[in-house]
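In: Okay, here's the prediction I keep looking at, along with the sequence it came from:
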Amino acid sequence: MRKKEIFCVCALGLLLALPGCKSRIANINSPGETVVCFGDSITASEGSTGGNEYPAVLARKLEPIKVINAGENGNTTEDALRRIERDVLAHNPRLVIVEFSANDFLKGVPKDETFSNLDEIVRKLQDSGAMVVLLEVSAGRFGDEYLEGFRRIAAKRRALLLPNILKGIFSNASLKSDTIHPNDLGYRIIAERVYEAIMPLLR
């Protein structure tokens with residue numbers, strides 16, 4: 001990870017550690033037991049080799065907290081809503097890392113529908129008592145036109161937003177396994193970014 005990126009993530013962590021800042025995250029005192037990574041092929045870590053999926057790397061860094069990989073290739077926000085009870089809520093999550101929207105864009109789902117679904121996903125998770133972290137994946141492919149939608153939901157629901165989680169990865173062939181997905185090194189960078197951001201919430 002580049003020094004500038006490390007500084008930005010660490011600064012976010014320090015901000016959350018300040019008195020009153022952590023309380024802005026809904027369910028900061030969640031009684032849940034697990035961290036669930038809920039998303040599409042980026043969360044499933046398509047293109048990685050065994051044990052190098054970003055949730056697996058995150059799990060090693062968060063031990064003894066149990067981390068569950070609830071990623072499914074090709075999932076849209078509508079797909080996510082259909083499986084949220086079985087794949088996420090059934091695991092009594094303390095914190096859920098939500099990563100969806102890229103497949104909505106690729107499949108031509110209207111933005112309003114995407115963000116209505118995403119807002120409902122966050123609501124369901126928070127109603128269960130979990131904290132929510134939103135990962136925004138712009139990847140330079142559909143620009144930052146979705147970022148404002150993520151910001152609105154994060155502010156409305158008091159969730160933590162990590163914008164452009166693929167920054168510096170999507171444009172670097174040495175960090176990718178194909179034209180879209182990271183490789184093992186790329187997923188380790190994602191895991192590090194997520195880890196630095198969520199640790200203040202789990203302390």
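Out: Yep, that arrived.

In: unless I'm mixing things up, Gly74 is touching Ile42, no?
Out: No. Contact criterion CB atoms under 8 Å: Gly74 and Ile42 do not qualify, at 11.3 Å. In short, each C-beta sits where N, CA and C put it, glycine included.

In: who has more neighbours, the two?
Out: With neighbours defined as other CB atoms under 10 Å, Gly74 and Ile42 compare such that Ile42 has more, 28 against 13.

In: Would you map the strands across this structure?
Out: For the chain, the strands defined by DSSP state E cover 34-39, 66-71, 93-99, 131-135, 160-162.

In: any idea of the mean pLDDT in the shortest one?
Out: When pLDDT is averaged along strand 160-162, the result is 97.

In: ok now it, how far from the chain's centre?
Out: Chain-centre distance of strand 160-162: 8 Å, with CA atoms, centre = their mean, to the nearest Å.

In: And that strand, what does it pack against?
Out: strand 131-135, helix 147-157, helix 184-202 (3 or more CB pairs under 8 Å, 6 or more residues apart in numbering; DSSP states H and E).

In: Out of those, flag the one nearest Val96.
Out: Judged by CB to CB, the one of the helices and strands packed on strand 160-162 that comes nearest to Val96 is strand 131-135, at 5.5 Å.

In: Taking their axis directions, that closest one and strand 93-99 sit at what angle?
Out: If you take axes from the mean of the first three to the mean of the last three CA atoms, to 10 degrees, strand 131-135 sits at 20 degrees to strand 93-99.

In: Pairing partners for strand 131-135, with directions?
Out: Strand 131-135 has its sheet partners listed here by DSSP bridges as strand 93-99 (parallel), strand 160-162 (parallel).

In: what does stretch 88-96 contact?
Out: The set of residues external to stretch 88-96 that reach it, using CB atoms under 8 Å, 6 or more residues apart in numbering, is 30-38, 65, 68, 70, 124-125, 128, 130-133, 198, 201-202.

In: that older thread, would you format the strands paired with strand 131-135 as a markdown table with distance to Asp79 included?
Out: A markdown table is the format used below for the strands paired with strand 131-135 (distance: least, CB to CB, whole Å):
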| stretch | distance to Asp79 |
| --- | --- |
| strand 93-99 | 13 |
| strand 160-162 | 22 |
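
In: Of those strands, which stretch is the most buried?
Out: strand 93-99 (a mean of 26; mean count of other CB atoms under 10 Å).

In: Thr77 and Ala154: what is the separation?
Out: Thr77 sits 15 Å away from Ala154, going by CB to CB, to the nearest Å.

In: Could I get the contacting residues of the closest residue in space to Leu175 that isn't next to it in sequence?
Out: Take Leu175 and drop its neighbours on the chain: the residue closest to it by CB to CB, 6 or more residues apart in numbering is Gly186, 3.8 Å away. Gly186 makes contacts with 166, 169, 172, 175-177, as judged by CB under 8 Å, 6+ apart.

In: Just those residues: which are in helices?
Out: Judged by DSSP state H, helices contain none of the contacts of Gly186.
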